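Novice: here's my sequence, what's the structure:
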Amino acid sequence: MDEESARTVAKTVAALYQQVHDKLREQVRDLDDGTLNWRPLPKANSIAVLVAHSLGSEIEMIRALRMIPTDRDRDAEFKVEADARDLLALLDQADRNLEEHLGALTPDDLTEMRPRGDRPPRPGIDWLISNYGHAREHLAQIELTKQLYDSRT
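Specialist: This is a model prediction of the structure:
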(Lines give C-alpha, C1' and ligand atoms only; values in the text may rest on other atoms or scores of the structure.)
Protein backbone atom coordinates (compact mmCIF):
# COMPACT_ATOMS: atom_id res chain seq x y z
CA MET A 1 0.00 0.00 0.00
CA ASP A 2 1.35 3.43 -0.91
CA GLU A 3 1.08 6.68 1.08
CA GLU A 4 -1.87 8.01 -0.94
CA SER A 5 -3.85 4.81 -0.43
CA ALA A 6 -3.09 4.87 3.29
CA ARG A 7 -4.34 8.46 3.52
CA THR A 8 -7.52 7.50 1.66
CA VAL A 9 -8.17 4.58 4.00
CA ALA A 10 -7.45 6.72 7.07
CA LYS A 11 -9.76 9.53 5.89
CA THR A 12 -12.54 7.08 5.07
CA VAL A 13 -12.32 5.26 8.38
CA ALA A 14 -12.07 8.54 10.30
CA ALA A 15 -15.27 9.75 8.61
CA LEU A 16 -17.05 6.51 9.51
CA TYR A 17 -15.97 6.74 13.16
CA GLN A 18 -16.99 10.41 13.18
CA GLN A 19 -20.48 9.36 12.06
CA VAL A 20 -20.65 6.89 14.96
CA HIS A 21 -19.51 9.62 17.38
CA ASP A 22 -22.20 11.96 16.05
CA LYS A 23 -24.88 9.28 16.44
CA LEU A 24 -23.66 8.56 19.98
CA ARG A 25 -23.98 12.27 20.76
CA GLU A 26 -27.57 12.21 19.46
CA GLN A 27 -28.32 9.26 21.74
CA VAL A 28 -26.90 10.72 24.96
CA ARG A 29 -27.23 14.49 24.60
CA ASP A 30 -30.60 15.01 26.29
CA LEU A 31 -30.72 12.00 28.61
CA ASP A 32 -30.79 12.30 32.37
CA ASP A 33 -28.38 10.44 34.64
CA GLY A 34 -30.95 7.79 35.50
CA THR A 35 -31.49 6.86 31.87
CA LEU A 36 -27.78 6.89 31.02
CA ASN A 37 -26.86 4.65 33.94
CA TRP A 38 -29.87 2.31 33.86
CA ARG A 39 -29.22 -1.38 33.17
CA PRO A 40 -32.09 -3.34 31.61
CA LEU A 41 -30.93 -6.51 33.40
CA PRO A 42 -28.44 -7.09 36.23
CA LYS A 43 -25.72 -8.33 33.85
CA ALA A 44 -26.56 -5.92 31.01
CA ASN A 45 -24.68 -2.70 30.29
CA SER A 46 -25.94 0.85 30.65
CA ILE A 47 -25.72 3.44 27.90
CA ALA A 48 -22.90 5.16 29.81
CA VAL A 49 -20.94 1.90 30.00
CA LEU A 50 -21.46 1.20 26.31
CA VAL A 51 -20.19 4.64 25.30
CA ALA A 52 -17.15 4.45 27.60
CA HIS A 53 -16.33 0.92 26.48
CA SER A 54 -16.72 1.69 22.77
CA LEU A 55 -14.44 4.70 23.00
CA GLY A 56 -11.91 2.86 25.18
CA SER A 57 -11.73 0.06 22.64
CA GLU A 58 -11.42 2.56 19.80
CA ILE A 59 -8.43 4.45 21.19
CA GLU A 60 -6.70 1.28 22.32
CA MET A 61 -7.03 -0.15 18.81
CA ILE A 62 -5.81 3.04 17.13
CA ARG A 63 -2.82 3.25 19.45
CA ALA A 64 -2.03 -0.42 18.78
CA LEU A 65 -1.93 0.28 15.04
CA ARG A 66 0.56 3.07 15.64
CA MET A 67 2.55 0.92 18.10
CA ILE A 68 1.90 3.38 20.94
CA PRO A 69 1.51 1.83 24.40
CA THR A 70 -1.82 2.23 26.12
CA ASP A 71 -2.91 2.09 29.73
CA ARG A 72 -6.53 1.12 29.08
CA ASP A 73 -8.45 -0.25 32.05
CA ARG A 74 -11.11 -2.27 30.24
CA ASP A 75 -12.69 -3.58 33.45
CA ALA A 76 -13.23 -0.02 34.71
CA GLU A 77 -15.23 0.80 31.56
CA PHE A 78 -17.91 -1.65 32.70
CA LYS A 79 -18.32 0.17 36.04
CA VAL A 80 -18.72 3.66 34.61
CA GLU A 81 -21.52 5.91 35.78
CA ALA A 82 -21.68 9.21 33.94
CA ASP A 83 -23.90 12.10 33.00
CA ALA A 84 -24.45 13.43 29.48
CA ARG A 85 -21.81 16.14 29.93
CA ASP A 86 -19.19 13.52 30.85
CA LEU A 87 -20.06 11.35 27.86
CA LEU A 88 -20.07 14.28 25.46
CA ALA A 89 -16.60 15.23 26.74
CA LEU A 90 -15.41 11.67 26.07
CA LEU A 91 -16.78 11.92 22.54
CA ASP A 92 -15.03 15.26 22.00
CA GLN A 93 -11.75 13.66 23.12
CA ALA A 94 -12.41 10.71 20.80
CA ASP A 95 -12.78 13.16 17.90
CA ARG A 96 -9.42 14.70 18.75
CA ASN A 97 -7.87 11.22 18.97
CA LEU A 98 -9.18 10.36 15.51
CA GLU A 99 -7.71 13.53 14.05
CA GLU A 100 -4.35 13.01 15.71
CA HIS A 101 -3.86 9.30 15.21
CA LEU A 102 -5.70 8.34 12.04
CA GLY A 103 -4.17 11.26 10.19
CA ALA A 104 -0.74 9.88 11.08
CA LEU A 105 -1.33 6.28 9.93
CA THR A 106 1.30 4.91 7.59
CA PRO A 107 1.01 2.14 5.01
CA ASP A 108 2.86 -0.12 7.46
CA ASP A 109 0.33 0.66 10.20
CA LEU A 110 -2.40 -0.64 7.92
CA THR A 111 -0.69 -3.64 6.35
CA GLU A 112 1.75 -4.97 8.94
CA MET A 113 0.75 -7.36 11.69
CA ARG A 114 -0.07 -5.45 14.85
CA PRO A 115 -0.49 -6.93 18.33
CA ARG A 116 -3.34 -5.69 20.47
CA GLY A 117 -3.33 -6.56 24.13
CA ASP A 118 -3.27 -10.31 24.58
CA ARG A 119 -4.80 -11.00 21.17
CA PRO A 120 -2.88 -12.49 18.25
CA PRO A 121 -1.46 -9.92 15.82
CA ARG A 122 -3.56 -8.96 12.80
CA PRO A 123 -3.04 -6.49 9.96
CA GLY A 124 -3.87 -2.95 11.04
CA ILE A 125 -6.65 -2.55 8.51
CA ASP A 126 -8.30 -5.66 9.95
CA TRP A 127 -8.25 -4.08 13.43
CA LEU A 128 -9.71 -0.83 12.05
CA ILE A 129 -12.61 -2.48 10.26
CA SER A 130 -13.49 -4.96 13.00
CA ASN A 131 -13.38 -2.23 15.66
CA TYR A 132 -15.63 -0.01 13.57
CA GLY A 133 -18.11 -2.90 13.47
CA HIS A 134 -17.78 -3.23 17.25
CA ALA A 135 -18.66 0.46 17.66
CA ARG A 136 -21.72 0.13 15.40
CA GLU A 137 -22.90 -2.92 17.35
CA HIS A 138 -22.75 -0.95 20.59
CA LEU A 139 -24.53 1.99 18.98
CA ALA A 140 -27.41 -0.36 18.12
CA GLN A 141 -27.31 -1.74 21.65
CA ILE A 142 -27.61 1.82 23.01
CA GLU A 143 -30.61 2.46 20.78
CA LEU A 144 -32.26 -0.73 22.05
CA THR A 145 -31.46 0.14 25.67
CA LYS A 146 -33.20 3.51 25.20
CA GLN A 147 -36.25 1.75 23.77
CA LEU A 148 -36.33 -0.66 26.70
CA TYR A 149 -36.00 2.21 29.17
CA ASP A 150 -38.85 4.12 27.48
CA SER A 151 -41.03 0.97 27.46
CA ARG A 152 -40.84 0.28 31.21
CA THR A 153 -44.20 -0.01 32.89
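Novice: rest of the way, CA atoms for contacts and neighbours
Specialist: Noted.
Novice: now the strands for the protein?
Specialist: 113-116, 119-123 (DSSP state E).
Novice: what is the burial count for Ile129?
Specialist: For Ile129, the tally of surrounding residues (other C-alpha atoms under 10 Å) stands at 11.
Novice: same question for Glu26.
Specialist: Neighbour tally, Glu26, other C-alpha under 10 Å: 12.
Novice: do Asp32 as well
Specialist: Residues near Asp32, counting by other C-alpha under 10 Å: 12.
Novice: one more: Asp75?
Specialist: Neighbour tally, Asp75, other C-alpha under 10 Å: 9.
Novice: so how far is Pro40 from it?
Specialist: 19 Å (C-alpha to C-alpha, to the nearest Å).
Novice: same check, this time on Arg63
Specialist: From Arg63 to Pro40 the distance is 32 Å (C-alpha to C-alpha).
Novice: next: Ala14.
Specialist: For Ala14 relative to Pro40 (C-alpha to C-alpha), the value is 32 Å.
Novice: so between those two, which is more surrounded?
Specialist: When Ala14 and Pro40 are compared for neighbours, Ala14 comes out ahead with 21 against 15, by other C-alpha under 10 Å.
Novice: assess the claim that the more buried one and His101 are in contact.
Specialist: No: the pair Ala14 / His101 is not scored as a contact, 9.6 Å apart, by C-alpha atoms under 8 Å.
Novice: just the pLDDT for the nearest residue to His101 once chain neighbours are set aside.
Specialist: Closest residue to His101 apart from its sequence neighbours, by C-alpha to C-alpha, 6 or more residues apart in numbering: Ile62 at 6.8 Å. The score at Ile62 is 96. That number is its pLDDT.
Novice: just give me the neighbour total for Ile62.
Specialist: 23.
Novice: cool, and Glu3?
Specialist: Count around Glu3 with other C-alpha under 10 Å applied: 12.
Novice: re earlier: out of the strands of the chain, deepest packed?
Specialist: When the strands of the chain are scored by mean count of other C-alpha atoms under 10 Å, the highest mean neighbour count falls to strand 113-116 (a mean of 19).
Novice: that strand pairs with which strands?
Specialist: Strands adjacent to strand 113-116 in the sheet, as given by DSSP bridges, are strand 119-123 (antiparallel).
Novice: thank you kindly, that will do.
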